[in-house]
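# Task: produce atomic coordinates for the following.
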Amino acid sequence: MFEKLTPRMDRVLKMSQQVARDYEQDYVGTEHLLLAIIQEGTGVGSSILADNDITLARAKAAVDKLIKKSLEDTWVFGRLPGTPHFRNVMAVAIEEARQLESKVVCTEHLLLALAKEDGSVAQAALHELGVKSGTIRAAITRRLEDPASATSPDCAD
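Sure thing, here's the model as predicted:
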């Protein structure tokens, strides 16, 4: 289904399952994806968050606060079920990659999709931390337009 994911994205997805297990949850949600992007730490998505002073501790605090308020239905994805928001985020990330003319789906596309997923824990956490989809899209665009940027349109891993 997601044959165009980079090795880094594959790591993020696997890490999101571990984050869910660490939370002793039997599903993978958007909040787990957000924390996994930060934990993986080498992608453009984590770089954009770092540029906005979003640390793992700050993001985890925001998620912890919000997660107590939100229990979502599940959808089976891989080993742990994913929430409907998880499924939507993956579909939007793929579409964002296409729109940005990338041949692969990268952490920046995933981060943008997380910020756009209305009603999700990750979007609420990002909003609480002061990061919105417009901020993320602008950062991606700047990186794509900067020839000196380490980021290529194909998300070099």
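
# Rounded mean pLDDT for stretch 102-111, please.
Stretch 102-111 shows a mean pLDDT of 83.

# what's near enough to touch residue 4?
94, 97, 103-105 (Cβ atoms under 8 Å, 6 or more residues apart in numbering). Where C-beta positions appear, they are placed from N, C-alpha and C, glycine not excepted.

# for residue 60, same thing?
With Cβ under 8 Å, 6+ apart, residue 60 has these contacts: residue 35.

# What subset of the contacts of residue 4 is buried?
Buried members of the contacts of residue 4, scored by 16 or more other Cβ atoms under 10 Å, are 94, 97, 104-105.

# Extract the residue ranges of the protein that are flagged as low pLDDT.
For the chain, applying pLDDT under 70 flags the ranges 1-3, 68-83, 147-157.

# for residue 105, phi and psi?
phi -90, psi 130 (degrees, to the nearest 10).

# Nearest residue to it in space, please, no chain neighbours.
Take residue 105 and drop its neighbours on the chain: the residue closest to it by Cβ to Cβ, 6 or more residues apart in numbering is residue 97, 4.5 Å away.

# Can I take it that that neighbour is in a helix?
Yes. Judged by DSSP: H, G, I helix; E, B strand; the rest coil, residue 97 forms part of a helix.

# Pretty sure it sits against residue 107.
No. The pair residue 97 / residue 107 is not scored as a contact, 10.8 Å apart, by Cβ atoms under 8 Å.

# Go through the host helix or strand of residue 62 and flag the buried ones.
Residue 62 belongs to helix 56-67 when assigned by DSSP states H and E. Using 16+ other Cβ under 10 Å as the test for burial, helix 56-67 gives 58-60, 62-63, 66-67.

# ok, the contacts of residue 4 vs residue 119, which is closest?
Using Cβ to Cβ, the shortest approach to residue 119 within those belongs to residue 94, at 19.9 Å.

# Now that closest one: which helix or strand?
Going by DSSP H and E, residue 94 is in helix 84-99.
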